[in-house]
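Enquirer: A predicted structure for the sequence below; I have some questions about it.
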Amino acid sequence: MGMFDIQFSNKIKSSYGNIHLFEFLKKQLQKNKTYQNRIEESTLTIEKCRINTLLRYNLDINIQTNKKDNISEITVNGQLHDTLLLTIFIILSILLTYGLGIILVIGFTFYQKFVATKQLKELIHNYKSTI
């Protein structure tokens, strides 16, 4: 994982199963737009998703269920998709601002990572409260 990528895990008590959670997350993330996604047995993959941010992420949401305790662990991995755009901004900031603009580009990217992580954690928390 890179330093601008999202990664966290959370535990929830689920009685509905993986598909119900995947449909909830998919519906919340794709409010007005349609992203390319696929659902496998225990993984939801959404490509080029804007999670309330300007930058796009490739999301992999994985659920591991413990049948004995009925507790599921959700692992969210989000890989930054707009790396070419950031590279262009970094090169331009080096050329035009003698390197001081790199601080703004990196700060903006960390802020986008923070906003995306907060939004995803809030979605999972909202799902927990609906169960």
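Expert: Thanks, I have the structure now. Numbering: from 1, shown residues only.
Enquirer: use CA for all of it now, contacts and neighbours both
Expert: Noted.
Enquirer: below-threshold pLDDT in this structure: ranges please.
Expert: For the chain, the stretches with pLDDT under 70 are 1.
Enquirer: rerun at 90
Expert: The chain contains residues with pLDDT under 90 at 1-4, 10-53, 63-74, 82-83, 85, 97-101, 123-131.
Enquirer: centre-most residue in it?
Expert: In the chain, the residue lying closest to the centroid (CA atoms, centre = their mean) is residue 78, at 4.3 Å.
Enquirer: helix or strand next in line after whichever helix or strand that one is part of, which one?
Expert: Assigning secondary structure by DSSP states H and E places residue 78 in strand 71-80. Moving toward the C-terminus from strand 71-80, the next helix or strand (DSSP H and E) is helix 83-97.
Enquirer: may I see the buried residues of that next one?
Expert: For helix 83-97, the buried set under the neighbour-count rule, 16 or more other CA atoms under 10 Å, comprises 86, 89-90, 93.
Enquirer: same thing with stretch 67-80?
Expert: Neighbour-count burial for stretch 67-80 flags 72-80 (criterion: 16+ other CA under 10 Å).
Enquirer: ok so, going back, just list whatever residues bridge to the residue nearest to the centre of the chain.
Expert: On the basis of DSSP bridges, residue 78 is bridged to residue 6, residue 59.
Enquirer: from memory it sits against residue 6, does it?
Expert: Yes. Taking CA atoms under 8 Å as the definition, residue 78 is a contact partner of residue 6 at 4.6 Å.
Enquirer: before we move on, back to that, what's the most distant pair in the buried residues of helix 83-97?
Expert: Greatest spatial distance among those (CA to CA): 86 and 93, at 10.3 Å.
Enquirer: chain center to stretch 28-36: distance?
Expert: 13 Å (CA atoms, centre = their mean, to the nearest Å).
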